[in-house]
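In: Kindly return the folded structure for what I paste below:
(one chain, ligands or ions: 1)
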Amino acid sequence: MTVDGRLPAGTTAVAAVVGDPIRHSLSPELFNAAFQRCGLDWVFTAFEVPAPRIGDAVAAMRALPLRGLSVTMPHKASVVAHLDGLSPVAARLGAVNCIAWESDRLVGHSTDGAGLIDALRLDVGFEPEGARCVVVGAGGAARAAVAALADAGARRVVVVNRTAARARVAAGLAGDRGMVGTSGAFADAELIVNATPLGMHGSAPAGMPVDVALLSPGQVLFDMVYDPPVTPVVAAAREQGVDAVVGIGMLVHQAAHAFSLWTGEAAPVEAMSLAATTELARRHDARAE
Ligand code: NAP
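Out: Presented below is the predicted three-dimensional model:
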């Protein structure tokens, strides 16, 4: 249903997310709630696109045309070759999670970093400027976090990762404020960001991304994982008195940036947040039954 509960019609604009797997995505709930709240005749769906077909998916966006496309694993880097241009952040990261039209050109954006900064500032009340930060992980989400924290004025950004070579690449995105570290960096950090899948519901590897015994009250732990609604590391860190949150706010705020790029309107963040948390809780409860 789109505006006022009406079914999609010939006038309805279509946006979508592409990925593989994709059926678990919360993006349809998030964006459809946003379109409905703003009274926009838009609808959002999810397409399962295997890795070799990403070029076909972009061609479909041009042909149909789709009005907006979200991009998730495994396409965030490979989609770049099929676009007409990149935002400065997407070019720096070599990764795209949102495609928007700029007149007749398809331009790739990366909104994960901005989503993290908005979640920290608006939801957690944490100001990254001048802060000592640690990012655990060095994949696409970690690199977006490192670049965004540095751009937001972090005093230093230490990358702790299993594979040292990837940690060096990620740390390089923060320039002379970026460095590779070990778990020894946790103790005097003001912010620790988990950007590994450890703790995620489903097929994620077991184990904790952070040894919470090294943390203390006053620190902020931001876990990019948001399913389950309270992840093991967040639960353990809270017991230590740490201000620990899961990453649903980042998901909402990165989507809010995509919404604005596509529609030119301010995103109804509260409606999006409610839709995401409600759906997440519903799935969690359904699994527990
Ligand atoms: P990715 O590119 O695959 O990177 C995963 C990172 O986790 C790598 O640095 C990897 O280390 C590390 N890792 C994986 N398994 C590990 C293990 N068993 N022990 C230690 N380190 C391990 O994934 P990504 O796209 O960056 O995403 C990372 C997580 O962030 C996912 O859970 C994703 O769902 C989440 N995420 C959340 C949001 C949000 O809005 N909240 C947005 C984006 C991503 P190596 O380098 O050594 O392989």
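
In: Near the ligand, which residues of the chain are found?
Out: Residues of the chain found near the ligand (C-beta under 6 Å from any ligand atom) are 112, 115, 137-142, 161-163, 166, 195-198, 200, 205, 207, 224-226, 247, 250-251, 254. Placement of C-beta: from N, CA and C, glycine included.

In: Sketch out the helices for the stretch 101-250 of the chain, chain order is fine.
Out: Counting by DSSP state H, counting those that start in this stretch, the stretch 101-250 of the chain has helices at residues 112-118, 140-151, 164-172, 232-239, 248-263.

In: separation between Asp56 and Gln36?
Out: 30 Å (C-beta to C-beta, to the nearest Å).

In: more neighbours, the two?
Out: Neighbours per residue, other C-beta atoms under 10 Å: of Asp56 and Gln36, the larger number sits with Gln36, 19 against 12.

In: The more buried one: which element?
Out: helix 27-37 (DSSP states H and E).

In: Contacts for that helix, please.
Out: Outside helix 27-37, the residues that touch it by C-beta atoms under 8 Å, 6 or more residues apart in numbering are 1-3, 15, 17, 41-46, 70, 251-252, 255-256, 258-259, 267-268, 271-272, 274-276, 278-279.

In: so it versus helix 248-263, what angle?
Out: Between the axis of helix 27-37 and that of helix 248-263 there is an angle of 60 degrees, by axes from the mean of the first three to the mean of the last three C-alpha atoms, to 10 degrees.

In: quick one: the following helix or strand past helix 27-37 to chain centroid distance?
Out: Later in the chain than helix 27-37, the nearest helix or strand by DSSP H and E is strand 42-48. Distance, stretch centre to chain centre, for strand 42-48: 18 Å (C-alpha atoms, centre = their mean, to the nearest Å).

In: Give the buried residues for strand 42-48.
Out: Trp42, Val43, Phe44, Thr45, Ala46 (16 or more other C-beta atoms under 10 Å).

In: Could you export these as CSV, including pLDDT?
Out: Converted to CSV, these look like this (pLDDT from 0 to 100):
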residue, pLDDT
Trp42, 97
Val43, 97
Phe44, 98
Thr45, 98
Ala46, 98
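
In: just the strands in the stretch 151-289 of the chain please.
Out: Taking DSSP state E, counting those that start in this stretch as the criterion, the stretch 151-289 of the chain carries its strands at 156-160, 178-180, 191-194, 220-223, 243-246.

In: right, and these - which one's nearest Asp84?
Out: Closest approach to Asp84 among the strands of the stretch 151-289 of the chain (C-beta to C-beta): strand 178-180, 30.5 Å.

In: which residues touch that closest one?
Out: 146, 150, 156-161, 164, 167-168, 170-172.

In: Residue of the stretch 101-250 of the chain nearest the ligand, please.
Out: Gly139 (1.9 Å; C-beta to the nearest ligand atom).

In: Near that residue, how many other residues are there?
Out: Neighbours of Gly139 using other C-beta under 10 Å come to 17.

In: list the contacts for it?
Out: Contacts of Gly139 by C-beta under 8 Å, 6+ apart are Arg166, Ala195, Thr196.
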